[in-house]
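Colleague: sequence and predicted structure below; questions after.
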Amino acid sequence: MPHDDTSRPAPGPSDAALRSLRERLLAAVRRCSPPWIANQAEDIVQAALIRLSQSCSGGGGFEALGASYLETVARNAIIDETRRRFRRPEVPLGDDAARGPVPRGAVDRPADGALDLDRALRSCMATLGAARRAAVACRLLGYSVREAAEVLQWSVKKVEHLALRGMDDLRSCLEAKGVRP
């Protein structure tokens, strides 16, 4: 009687393929990571590998994944880690909810000056062109010019000029709104 191979699970990727994929992902994560999250590269790669193994149901097609796809996976894993890190903790309702409304002034809010600064900064960033806004955002997030050039996939000179001009525009806009250092 012939043996039916359709009931066997598909073979998984080889160890060499997984090591190669891990190294390629690690390189992509290190290229895309802002400096303040770079020490989490290994954890981010592990999360990306888990996600890739779940999405590649056939199992063995890791060798065929292109560099741009891995770059996208790396960026998404970095974004997920950033969101996880800055997620606000939930506040349990517990017994406090049954006591009634919270008295005015009891809730911690940012000072009005901080809210005004945030509004002014967002408003001025919105007036910048897309390229200048991206370069300025990288600068404000702490990227070096070289790191920003890698993330934005532009030349170092282009990022340098856009960030310089964008920061000048941002400074002028903020000063016009009465915000000074």
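Modeller: Yes, it's here.

Colleague: how close does the closest residue to S155 other than its chain neighbours get to L70?
Modeller: Leaving aside its chain neighbours, S155 sits nearest to A149 (6.3 Å; criterion: C-beta to C-beta, 6 or more residues apart in numbering). All C-beta atoms are positioned from the backbone trio N, CA, C, and that covers glycine. Counting by C-beta to C-beta, to the nearest Å, the gap between A149 and L70 amounts to 20 Å.

Colleague: repeat that for A130.
Modeller: According to C-beta to C-beta, A130 stands 25 Å off from L70.

Colleague: likewise for V29?
Modeller: Taking C-beta to C-beta, one finds V29 at 9 Å from L70.

Colleague: higher neighbour count, these two?
Modeller: Higher neighbour count among V29 and L70: V29, with 27 against 19, using other C-beta atoms under 10 Å.

Colleague: which secondary structure element contains the more buried one?
Modeller: Here V29 sits within helix 15-32, counting by DSSP states H and E.

Colleague: show me the contact partners of that helix.
Modeller: 13, 38, 41-42, 44-45, 48-49, 52, 60, 62-63, 65, 67, 70-71, 73-75, 77-78, 150-151 (C-beta atoms under 8 Å, 6 or more residues apart in numbering).
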